[in-house]
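Asks: this is the structure alone, sequence omitted:
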């Protein structure tokens with residue numbers, strides 16, 4: 001009997017369960033998709049990079065646990081609204097003699113039914129979505145798509161069933177606890193209870209609204225000034241100011257908004273705008289805490305999605321000029337000994353019996369340290385923030401130098417012409433973003449550099465932005481000095497660069513990859529104790545793509561979960577409020593308001609309710625992304641893709657909510 005009642009209840013109330021069911025299904029779908037990524041063949045090719053795969057697996061496990069808590073809270077929150085909407089129905093069950101225990105059993109069966117359906121449909125959709133996700137991640141990692149295969153991940157299925165099974169079990173316990181607290185009189189009179197308005201005084205609401213804008217303006221100013229580079233205390237204060245400002249904004253918004261609208265009689269008295277504004281006033285004022293949380297989650301969503309779609313392009317663009325060679329290696333010089341076997345990379349390679357083939361064009365060169373720092377060189381042009389950046393990131397140490405003969409050998413290896421440098425001239429080679437403001441100004445106003453009390457003319461008018469070696473960082477700063485430079489400088493690195501012949505590209509890549517892997521594992525430590533670090537162009541690319549994939553993966557996973565959670569809460573609140581406001585809509589009909597005007601009012605209040613937290617979240621995001629503009633390139637494609645993804649999901653929930661509220665009101669007769 002109980003199963004029949006539960007099934008009939010789900011069928012009868014499917015329009016109320018539809019958004020709940022949609023949310024559960026999407027949650028399972030996304031959860032399965034991201035947990036199945038490690039099983040895809042195109043990604044498994046990266047097993048050769050054990051560090052990446054280990055990091056990926058840890059990231060999936062940790063993020064899945066966090067996401068399960070978020071979804072668990074969402075599902076419990078949704079159940080609270082669904083039970084609240086059905087209090088009168090449950091009260092009628094009790095008047096007919098049904099005990100609270102039996103009512104709990106019905107709710108358990110309903111939860112099981114919805115849970116099983118959402119799991120089955122979600123996993124089926126997840127299997128489809130995961131194939132596209134695999135292709136997307138493989139494309140980021142530059143993995144060969146010919147190895148792609150359609151795969152169903154059994155481990156992801158089991159994990160999805162276990163995680164959501166635990167969530168549903170907790171929901172059942174929560175439902176029983178909720179039912180046990182209800183009194184019969186409260187259930188039967190549930191529809192007659194109105195929301196408690198938290199703020200009634202118009203003057204106080206205007207005052208709090210102005211205070212919220214002031215707090216947000218101060219938080220924005222602080223964030224734009226220091227970004228995430230501020231010390232922990234300042235950053236914490238900025239975040240707290242932003243959170244409190246957001247909270248006060250929503251706490252005072254509804255009364256402030258009505259106060260402003262009342263000044264404009266044409267809008268206030270048009271159609272049934274009075275009704276719409278009063279409805280919004282009650283909703284926002286009652287739900288200001290949840291709207292604050294939703295706004296902050298949408299802010300994180302927008303930021304995460306933008307970062308996810310922008311990061312790969314940013315890495316590719318920032319690494320341009322940093323991977324000009326097929327392979328690079330350097331030996332860290334030990335200045336306490338003059339043994340060439342320890343301090344010269346060519347001698348080191350001979351000692352471990354490593355030989356270059358005739359088709360592997362290469363050059364050896366040395367890097368030195370001067371006794372002048374970047375801070376000293378640019379002291380008159382650095383602003384406070386640049387000085388802080390240099391100190392905090394330990395990037396403003398002694399300047400590196402390369403002799404002109406070595407530099408021309410490096411240019412020749414790349415097929416570039418040599419540069420003539422007089423004995424009193426230097427070249428500046430730099431892509432140092434942290435001194436991007438100071439360096440151009442310095443080179444514009446200064447014509448020479450003083451090193452060891454000797455003046456050297458700066459030959460170039462703008463910094464050369466091509467690195468002398470392959471680097472995993474886009475930050476470098478070198479001075480190219482004459483061969484007969486007699487100032488104080490100390491040998492730091494003994495290095496080599498290599499260019500492969502295209503006919504032997506794969507063979508050389510395998511050879512140097514094995515060399516550098518052996519170096520990283522200290523395979524030659526017994527032969528020579530010198531520290532040598534190297535990487536091929538492909539190894540650097542794989543490392544950078546792997547890091548980009550991890551961040552994209554995390555951004556997409558959390559971004560999608562946050563937007564679904566935010567949209568679902570907004571939708572459930574609207575549906576619940578619609579059920580509580582049925583008598584008001586009936587009163588509108590009684591005084592002659594047409595169905596068209598009622599639907600128009602529902603559309604307006606739903607649209608405003610959805611747009612208000614999104615609008616403030618967009619402003620938060622613009623400020624946050626602008627504050628970290630050095631990390632992002634603001635490429636229009638990433639903006640379009642992230643906006644489309646957000647708009648489609650958020651818009652779908654808005655439309656489903658509008659249709660749901662309209663049907664509830666329409667069927668109330």
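Replies: Happy to help now that I have it. All of these numbers come straight from a predicted model, not from anything done at the bench.

Asks: now do the domain split for the protein, please.
Replies: 1-193, 327-538 (automatic domain parsing).

Asks: let me have those in CSV, adding distance to residue 310, mean pLDDT and mean neighbour count as columns.
Replies: C-beta coordinates here come from the backbone N, C-alpha and C atoms, glycine included. Shown next, in CSV, are the domains of the chain (distance: least, CB to CB, whole Å; pLDDT from 0 to 100; neighbours: other CB atoms under 10 Å):
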stretch, distance to residue 310, mean pLDDT, mean neighbour count
domain 1-193, 12, 71, 17
domain 327-538, 15, 84, 17
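
Asks: specify the local secondary structure of the residue nearest to the spatial centre of the chain.
Replies: Of all residues in the chain, the one closest to the mean position by CA atoms, centre = their mean is residue 304, 2.3 Å from it. Of the three states, residue 304 takes helix under DSSP: H, G, I helix; E, B strand; the rest coil.

Asks: residue contacts, it?
Replies: By CB atoms under 8 Å, 6 or more residues apart in numbering, the residues touching residue 304 are 554-556, 558-559, 562.

Asks: packing partners of the host helix or strand of residue 548?
Replies: Residue 548 belongs to helix 537-580 when assigned by DSSP states H and E. In terms of contacts (3 or more CB pairs under 8 Å, 6 or more residues apart in numbering; DSSP states H and E), helix 537-580 is packed against helix 14-35, helix 50-85, helix 100-140, helix 273-286, helix 288-318, helix 505-520, helix 595-627, helix 636-666.

Asks: nearest to residue 219, out of the domains of the chain?
Replies: Of all the domains of the chain, it is domain 327-538 that lies closest to residue 219, at 17.8 Å by CB to CB.

Asks: for that closest one, the distance to its chain's centre please.
Replies: 34 Å (CA atoms, centre = their mean, to the nearest Å).

Asks: span of that domain from start to end?
Replies: For domain 327-538, the first-to-last residue distance is 9 Å (CA to CA, to the nearest Å).

Asks: where along the stretch 151-300 of the chain do the strands fall?
Replies: For the stretch 151-300 of the chain, no strands are identified by DSSP state E, counting those that start in this stretch.

Asks: turn the domains of the chain into CSV, including distance to residue 599.
Replies: Converted to CSV, the domains of the chain look like this (distance: least, CB to CB, whole Å):
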stretch, distance to residue 599
domain 1-193, 16
domain 327-538, 54
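
Asks: who wins for proximity to residue 640 among these?
Replies: Among the domains of the chain, domain 1-193 comes nearest to residue 640, with 16.1 Å by CB to CB.

Asks: need the helices and strands packed on helix 537-580 in JSON lines (columns: distance to residue 324).
Replies: JSON lines is the format used below for those (distance: least, CB to CB, whole Å):
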{"stretch": "helix 14-35", "distance to residue 324": "36"}
{"stretch": "helix 50-85", "distance to residue 324": "24"}
{"stretch": "helix 100-140", "distance to residue 324": "23"}
{"stretch": "helix 273-286", "distance to residue 324": "57"}
{"stretch": "helix 288-318", "distance to residue 324": "14"}
{"stretch": "helix 505-520", "distance to residue 324": "15"}
{"stretch": "helix 595-627", "distance to residue 324": "31"}
{"stretch": "helix 636-666", "distance to residue 324": "26"}
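
Asks: sorry, back to before: so which of the contacts of residue 304 wins on neighbours?
Replies: residue 559 (25 neighbours; other CB atoms under 10 Å).

Asks: need the contact list for that residue.
Replies: Residue 559 neighbours (CB under 8 Å, 6+ apart): 300-301, 304-305, 308, 645.

Asks: for residue 280, state which of these is nearest.
Replies: The shortest approach to residue 280 among those belongs to residue 301, at 23.3 Å (CB to CB).

Asks: list the helices and strands the helix or strand harbouring residue 443 packs on?
Replies: Residue 443 is part of helix 438-445 when elements are defined by DSSP H and E. Counting contacts by 3+ CB pairs under 8 Å, 6+ apart, helix 438-445 packs against strand 425-430.

Asks: tell me which other helices or strands the strand it packs on touches.
Replies: helix 438-445, strand 454-458, strand 477-481.

Asks: show me what the following helix or strand past the last one is packed up against.
Replies: So the one you mean is strand 477-481. Next helix or strand after strand 477-481 toward the C-terminus (DSSP H and E): strand 489-500. If contacts are counted by 3+ CB pairs under 8 Å, 6+ apart, strand 489-500 sits against strand 327-332, helix 345-351, strand 360-373, helix 404-413, helix 505-520.

Asks: would a markdown table of these with distance to residue 423 be doable?
Replies: Converted to a markdown table, these look like this (distance: least, CB to CB, whole Å):
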| stretch | distance to residue 423 |
| --- | --- |
| strand 327-332 | 27 |
| helix 345-351 | 27 |
| strand 360-373 | 16 |
| helix 404-413 | 10 |
| helix 505-520 | 37 |
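
Asks: indicate which one of those is closest to residue 590.
Replies: Among the helices and strands packed on strand 489-500, the nearest to residue 590 by CB to CB is helix 505-520 (79.9 Å).

Asks: out of the helices and strands packed on helix 537-580, which is closest to residue 356?
Replies: Nearest of the helices and strands packed on helix 537-580 (CB to CB): helix 505-520, 9.5 Å.

Asks: who's in contact with the closest one?
Replies: Helix 505-520 is touched from outside by 326-327, 329, 354, 357, 359-360, 498, 500-501, 524, 532-536, 538-539, with contacts defined as CB under 8 Å, 6+ apart.

Asks: just stretch 403-418 next, same as before
Replies: 324-325, 361-363, 365-366, 368, 402, 419, 421, 427, 468-469, 480-483, 485, 497, 499.

Asks: buried members of the contacts of residue 559 into ChimeraX, please.
Replies: Those of the contacts of residue 559 that count as buried under 16 or more other CB atoms under 10 Å are selected in ChimeraX with:
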select :300,301,304,305,308,645
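
Asks: with distance to residue 70 added, can I get the contacts of residue 559 in a markdown table?
Replies: Formatted as a markdown table, the contacts of residue 559 follow (distance: CB to CB, whole Å):
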| residue | distance to residue 70 |
| --- | --- |
| 300 | 11 |
| 301 | 12 |
| 304 | 13 |
| 305 | 16 |
| 308 | 17 |
| 645 | 18 |
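
Asks: for the contacts of residue 559, which one is nearest residue 606?
Replies: Lowest distance from residue 606 to the contacts of residue 559 (CB to CB) belongs to residue 301, with 19.9 Å.

Asks: contacts only, for residue 239.
Replies: residue 219 are the contacts of residue 239 under CB under 8 Å, 6+ apart.

Asks: whoops, residue 558 was the one
Replies: Residue 558 sits in contact with 63, 66-67, 300-301, 304, where contact means CB under 8 Å, 6+ apart.

Asks: run the last query once more with 7 Å
Replies: 63, 304 (CB atoms under 7 Å, 6 or more residues apart in numbering).

Asks: report pLDDT for it.
Replies: Residue 558 is assigned a pLDDT of 82 by the prediction.

Asks: please tell me how far it sits from residue 303.
Replies: 10 Å (CB to CB, to the nearest Å).

Asks: repeat for residue 377
Replies: Computed as CB to CB, the residue 377 to residue 303 distance reads 36 Å.

Asks: neighbours of the residue nearest to residue 623 when sequence neighbours are not counted, how many?
Replies: Of all residues not flanking residue 623 in the chain, residue 220 sits nearest, at 4.7 Å (CB to CB, 6 or more residues apart in numbering). Residues contacting residue 220 under the criterion other CB under 10 Å number 21.

Asks: surely residue 220 is in contact with residue 621?
Replies: No - contact criterion CB atoms under 7 Å: residue 220 and residue 621 do not qualify, at 11.6 Å.

Asks: look up how far residue 525 lies from the residue lying closest to residue 624 once chain neighbours are set aside.
Replies: Excluding its sequence neighbours, the residue lying closest to residue 624 (CB to CB, 6+ apart) is residue 303, at 5.6 Å. Separation of residue 303 from residue 525 (CB to CB): 45 Å.

Asks: part of a helix, is residue 475?
Replies: No - looking at residue 475 with three-state DSSP, it is coil, so not inside a helix.
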